[in-house]
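A.B. asks: Quick one: sequence plus predicted model below, questions after.
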Amino acid sequence: MVEQTFWDEMTSDGADARAVYARVDQWLRDTPPDVLAARRSQAELLFRRIGITFAVYGAKDAGERLIPFDIIPRVIGQSEWSLLEKGLIQRVKAINAFLTDIYGAREILRAGLIPSDLVYRNPHFRPEMAGRRAPHDIWVHIAGIDIVRTGESDFYVLEDNARTPSGVSYMLENREVMMRLLPDLFGAHRVAPVENYTDLLLNCLRSVAPIGSSREPVVALLTPGQYNSAYYEHSFLADRLGVELVEGHDLSVRDDVVYMRTTQGPKRVDVIYRRIDDDYLDPLAFRADSALGVPGLVNAYNAGNVTLSNAIGTGVADDKAMYTYMPEIVRFYLGEEAILKNVPTWRCREADALKYVLEHLGELVVKEVNGSGGYGMLVGPHATRAEIEDFRAKLTEAPDNYIAQPTLSLSTCPAFVESGVAPRHVDLRPFVLTGADGSRVVPGGLTRVAMRAGSLVVNSSQGGGTKDTWIIEDA
Amino acid sequence: MLARTADNLFWLARYVERAEFTARIIDITARLAALPKAYGNSGSEWESALSAVGSLERFNETYDTPDEASVIEFLIFDPENASSIRSCIELARTNARAVRTALTADMWQSINACWLELRNYEQTRAPFERMSRERIDPFLDVVKTMSRDFDGAGYRNMLRNDAYWFNRLGLYMERADNTARILDVKYHVLLPENETVGGSLDYFQWTAILRAVNAFTAYHWVYRQGIKPWLIADLLILKKEMPRSLTSCYDNLAHFLDAIGRAYGVQGPSQRHARSVLLRLENCEVQDVFQNGMHEFITQFLTDNSRLGTLVAEQYLLN
C-alpha cells in the first residue's frame, strides 16, 4: 500500500495553526475532552429531537438513523471561498449551456468534442426532450458540486450533481445547532450566514415559472414520501419555503395543467421542485410501474404549463463519464478556462486508459459511470485482493461503465472522534442556485467527514458524518 | 390546503387525544382495582376499562382473562391493538412526519419525544416482562405530557388557518367520543335498572369518571356540593364551561367548522350537522337525559358524532 501524505486544513502540515484556524485551535487546546463529549451528546439529542434522520437503503432494521455530527467546525477564509464561488458559478453556467445545446442544436457534438454515443447511449439522456427549451434556458436550478481540497489553493471538483442533489438541510441545521452549542466560539468568528438559502431558493423557483403565466406562481415540492431517505430534508425545505409538500397522488393533470388536490378542490401548480428522479416522474412517459409520479406530468411540462426543477434530462450532464469532459465543456461554451480543476480521470472506454487502469487497480479509485452514494466503487489501496479481481472482471467486461481516478490526497480537518481530536478526511458540497436573474451560492455548504481513521469515503450511506462549514473574513 | 394534509392533521389530533384518554383510563382503573371490595370494587374493573376504550371484543380475540397485566399490556404496548397507546403514538408520529410542514417544530417534537421514550421502554424491557406500576406510571405521565405539549404548542403557535382548524376538529371529535364512552360504560356498570343511584358505594366509581376527564376539582368549583351522579352527568354532557363536556366539544366543533366554511366561502352538510347536534345539546336538561334513558341518549350521540366524521371526510378530506 502506498504511503500518502495529506494536507491538513488546520495545521497545513506545520505545528502552528493556519491563521483562519487560530481560534479553533486555541479553543481545542482550552477545552477538555469531556466537555467536547458533552457537547457532542447535546448535539445528538438536538438532532434526534428535531428528527433529522435518514434511512439507509438495504440496511437491516434501518428505520431512521442520525448522520454522525462532528462539533468541530471547518473554517474556510473568504478569499479562498471567493475563488471557489467563481468557479462554481462558472461550472453551472457551462452545464446549463451544455444542456441547452444537447437538447437543441448539438453543436458540441458536431464540433466533435464529445463522442456522441456518450450522449445518446447515456441512460439519463432523454430523447423525448430533444428540441425543447427550458424556461430562460435554465435546466439546473439547484446544483450540488462536490469539491475536494488537496492543498492551500488546490480545489478539485469531484462530482457534479445536477439532478436532485440533497444535503442542504444539513448545511442549514448544522449551523443552527452550532449556534446553540458553541455560541462563544461562533460569535468570535463572524461567520457568513447561510440561513437565507431557502429565500433565495424560493425566489429562484418563482423566477423560472412558465413564461407568460400571469398569476403569482404557485410552487410545490414533490417528494416520494416519508419512506424516502431524504424525506426529512423535503419536509424541512417545504416548510422553510412555505410551499406545499406534495406526493404524486396529491397532484393530477387535466388538459395539460397540473393541479393539487386541496380541501377546496383542485388548485393550479406552476413550479414543481421535484425530489423524484426522472424515471419516476410520470408513469405515462417513463417507468410505467412508478407509483410515485403523476400521470400526464410530462405532457403538462412539454406544453409549457409547469416548470420542473431541475428540468427533465439533466442527468446527462452529471454522470461520471461526462464529468471528464467538463474542462472542454467550459471552454466550448464560455470561452474560458475552468476555474475549478477536474480530478485527473481515466476513461476506461478508451483502450489506453483501460490498459493503464487494469495495471494499476491497487492504486486507483474505480467508479461506475452512473453510480452514486459511494455504492459500486473500488478504492484500490483499501481493497482486498478478491475485491480487486472482482473489479478487474467487471472492467474487462464493460469498460464503458467505468472511470478511474488516482486516490486523491483529500485534505483533513480536525474531528472529535472516539480517540479524541484527530484529523479526518473531508469534502464539501456547496449548493448553486440559478434563477432567471443569475446564479448564487450561499457561503458554505455541506462538509462531509469520513469518521473512520484513514477512510476516504465520506458518503453518509457509508458511515460518513457532517460538520458545519464556516466562511470567515480573512485574518 | 392539501386534502391529504388536512386528513393527516385531523387524524393526528385524534390519535394524540386517544392515547391520552387511554392513559387516563388505565390510571383510574388501577385506582378502582386497588379498592377493597367493601368500597365498591366489583372485581371487573379491568374489563370495564376495555369497554371504556371500546376494545373489549378485540381484547377477547387474543387474550384470556382481563387481568391487570394483560389489559395493561394490551392497552399500552400491544402493536396488534390498533388503539393501544403504542399504536396511537406511532400512527401520530407517522402522520406528523407526513405533514411536518403543517406543524410547528414544537408540535412535532412533543410527539417525537414521546415516541423516543416509548422506544426506550420497549428496548429496556424483557419480552413479556410484567412491568411494575412504578415503571408504568411515569410512562403514562409522558403520554399525558405529550398530549398537553402537542395541544399547547398548537394553540400557542399555529397560524389560525385551516391547518389549525382541521387539527382541532380531530381533537374535539375524539374528545367527545371519549367522554361519551366513559359515561356509557360507567352508566351500565354502576346503575342497574330500577336501583337508586348515588349510593355511597358508587362514590369511588363516580369520582373515577371525573378523574378520567380531568374534572375532579372542576366539579366542586361548578357545583359546590358533594358528588351526585346526575350532576356528573350534567357536567360531562351539558356544561359548556367544562372543556370535555359533549356540549363544549360541539361548541368547538361548530365553531371551527364555521371558520373553515367562512374561509372557503361555502357551508355544507358538516356545518349543518354540527350545529344541529349543538342545538340539541344546548336545549337539553339533565332530567331529559335520564328520562329518555342515558344509554339511548349516549348511543344516539355516538352515532351523531361518527356521522360528523363521515361528513367532514366527504366534504373536505377525500377531495
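C.D. replies: Received it, and whenever you're ready, just let me know what you need. Residues are numbered from 1 along each chain as shown, chains lettered A, B, ... in the order given.
A.B. asks: Now do the end-to-end distance for stretch B:69-88.
C.D. replies: 20 Å (C-alpha to C-alpha, to the nearest Å).
A.B. asks: what sits up against that stretch?
C.D. replies: B:15-16, B:18-19, B:22-23, B:25-26, B:29, B:46-47, B:49-50, B:53-55, B:58-59, B:62-64, B:90, B:118, B:121-122, B:130-131, B:136, B:139-140, B:143 (C-beta atoms under 8 Å, 6 or more residues apart in numbering or on different chains). (Each C-beta comes from the backbone N, C-alpha and C, glycine too.)
A.B. asks: Now do the strands in the stretch 51-200 of chain A.
C.D. replies: For the stretch 51-200 of chain A, strands defined by DSSP state E, counting those that start in this stretch occupy the ranges A:69-77, A:142-151, A:154-161.
A.B. asks: In the second one, which residues are buried?
C.D. replies: When neighbours are counted by 16 or more other C-beta atoms under 10 Å in any protein chain shown, the buried residues of strand A:142-151 are found to be A:142-150.
A.B. asks: Kindly report the same for the last one.
C.D. replies: Of the residues in strand A:154-161, those buried by neighbour count under the rule 16+ other C-beta under 10 Å are A:155-161.
A.B. asks: quick revisit: determine which of the strands of the stretch 51-200 of chain A approaches residue A:192 most closely.
C.D. replies: strand A:69-77 (9.6 Å; C-beta to C-beta).
A.B. asks: now the angle from the closest one to strand A:142-151?
C.D. replies: With axes from the mean of the first three to the mean of the last three C-alpha atoms, to 10 degrees defining the directions, strand A:69-77 sits at 80 degrees from strand A:142-151.
A.B. asks: hey, C-alpha coordinates of stretch B:114-125 in PDB?
C.D. replies: Output of stretch B:114-125 as PDB, limited to C-alpha atoms (Å, rounded to 0.1, in the frame of the first residue of the first chain):
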ATOM      1  CA  CYS B 114     -42.800  10.600  23.400                       C
ATOM      2  CA  TRP B 115     -42.100   8.100  20.700                       C
ATOM      3  CA  LEU B 116     -38.400   8.000  21.700                       C
ATOM      4  CA  GLU B 117     -39.400   7.400  25.300                       C
ATOM      5  CA  LEU B 118     -41.700   4.600  24.100                       C
ATOM      6  CA  ARG B 119     -38.800   3.000  22.200                       C
ATOM      7  CA  ASN B 120     -36.700   3.300  25.200                       C
ATOM      8  CA  TYR B 121     -39.300   1.400  27.300                       C
ATOM      9  CA  GLU B 122     -39.500  -1.200  24.700                       C
ATOM     10  CA  GLN B 123     -35.800  -1.700  24.400                       C
ATOM     11  CA  THR B 124     -35.100  -1.900  28.100                       C
ATOM     12  CA  ARG B 125     -37.800  -4.300  28.800                       C
END
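A.B. asks: same question for it, mean pLDDT?
C.D. replies: Averaging pLDDT along stretch B:114-125 gives 89.
A.B. asks: before we move on, what about stretch A:149-165?
C.D. replies: Stretch A:149-165 comes out at a mean pLDDT of 92.
A.B. asks: Ends of that stretch, what's the gap?
C.D. replies: With C-alpha to C-alpha, one end of stretch A:149-165 sits 20 Å from the other.
A.B. asks: and which of the buried residues of strand A:154-161 is nearest to chain B?
C.D. replies: residue A:161 (24.1 Å; C-beta to the nearest C-beta).
A.B. asks: give the contact list for the closest one.
C.D. replies: By C-beta under 8 Å, 6+ apart, the contact set of residue A:161 is A:143-146, A:318, A:429.
A.B. asks: ok, back up a step: possible to save the strands of the stretch 51-200 of chain A as JSON lines with distance to residue A:186?
C.D. replies: Converted to JSON lines, the strands of the stretch 51-200 of chain A look like this (distance: least, C-beta to C-beta, whole Å):
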{"stretch": "strand A:69-77", "distance to residue A:186": "8"}
{"stretch": "strand A:142-151", "distance to residue A:186": "23"}
{"stretch": "strand A:154-161", "distance to residue A:186": "25"}
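A.B. asks: gap between residue A:258 and residue A:275?
C.D. replies: From residue A:258 across to residue A:275, the span is 16 Å (C-beta to C-beta, to the nearest Å).
A.B. asks: just to revisit the earlier point, which one of the contacts of residue A:161 sits closest to residue B:237?
C.D. replies: residue A:144 (59.5 Å).
A.B. asks: which residue packs closest to the closest one, ignoring adjacent ones?
C.D. replies: Counting by C-beta to C-beta, 6 or more residues apart in numbering or on different chains, residue A:165 is the residue found nearest to residue A:144 once chain neighbours are left out, at 2.9 Å.
A.B. asks: what's around residue B:125, how many residues?
C.D. replies: By other C-beta atoms under 10 Å in any protein chain shown, 13 other residues sit near residue B:125.
A.B. asks: Relative to chain A, how far out is it?
C.D. replies: 18 Å (C-beta to the nearest C-beta, to the nearest Å).
A.B. asks: Tell me which of residue A:258 and residue A:275 has more neighbours.
C.D. replies: Comparing residue A:258 with residue A:275 by neighbour count (other C-beta under 10 Å), the higher total belongs to residue A:258, at 28 against 23.
A.B. asks: does that one sit in a helix, a strand or a coil?
C.D. replies: strand (DSSP: H, G, I helix; E, B strand; the rest coil).
A.B. asks: Could you tell me which residues make contact with it?
C.D. replies: Counting by C-beta under 8 Å, 6+ apart, residue A:258 touches A:251-252, A:268-269, A:272, A:294, A:297, A:300, A:305-306.
A.B. asks: Walk me through the domains of the chain.
C.D. replies: Reading this off chain A. A:19-210+A:306-343+A:408-472, A:211-305, A:346-406 (automatic domain parsing).
A.B. asks: ah, no, chain B please
C.D. replies: The record's domain parsing of chain B by automatic domain parsing lists B:1-157, B:160-319.
A.B. asks: Looking at the contacts of residue A:161, which is nearest residue A:411?
C.D. replies: residue A:146 (13.6 Å).
A.B. asks: wait, doesn't that closest one sit right on residue A:157?
C.D. replies: Yes - counting by C-beta atoms under 8 Å, residue A:146 sits close enough to residue A:157 to count as a contact (6.9 Å).
A.B. asks: and the nearest residue to residue A:69 once chain neighbours are set aside, what does it touch?
C.D. replies: What sits nearest to residue A:69 in space, not counting adjacent residues and going by C-beta to C-beta, 6+ apart, is residue A:43, at 5.3 Å. Residue A:43 is in contact with A:69, A:71, A:177, A:181, counting by C-beta under 8 Å, 6+ apart.
A.B. asks: Could you give the number of residues near the third one?
C.D. replies: A total of 21 residues lie near residue A:177 under the criterion other C-beta under 10 Å.
A.B. asks: The last one too?
C.D. replies: By other C-beta under 10 Å, the residues close to residue A:181 number 17.
A.B. asks: The residue of the stretch 151-300 of chain B found nearest chain A: neighbour count?
C.D. replies: Using C-beta to the nearest C-beta, the single residue of the stretch 151-300 of chain B nearest to chain A is residue B:264, 5.2 Å away. Neighbourhood size, residue B:264 [other C-beta under 10 Å]: 16.
A.B. asks: so residue B:23 makes contact with residue B:145?
C.D. replies: No - the criterion here is C-beta under 8 Å, and residue B:23 misses it with residue B:145 at 10.0 Å.
A.B. asks: Tell me which of those two has more neighbours.
C.D. replies: With neighbours defined as other C-beta under 10 Å, residue B:23 and residue B:145 compare such that residue B:23 has more, 23 against 15.
A.B. asks: next helix or strand past the helix or strand where that one lies?
C.D. replies: Per DSSP states H and E, residue B:23 falls inside helix B:3-33. Counting by DSSP H and E, the element after helix B:3-33 in chain order, helix or strand, is helix B:45-52.
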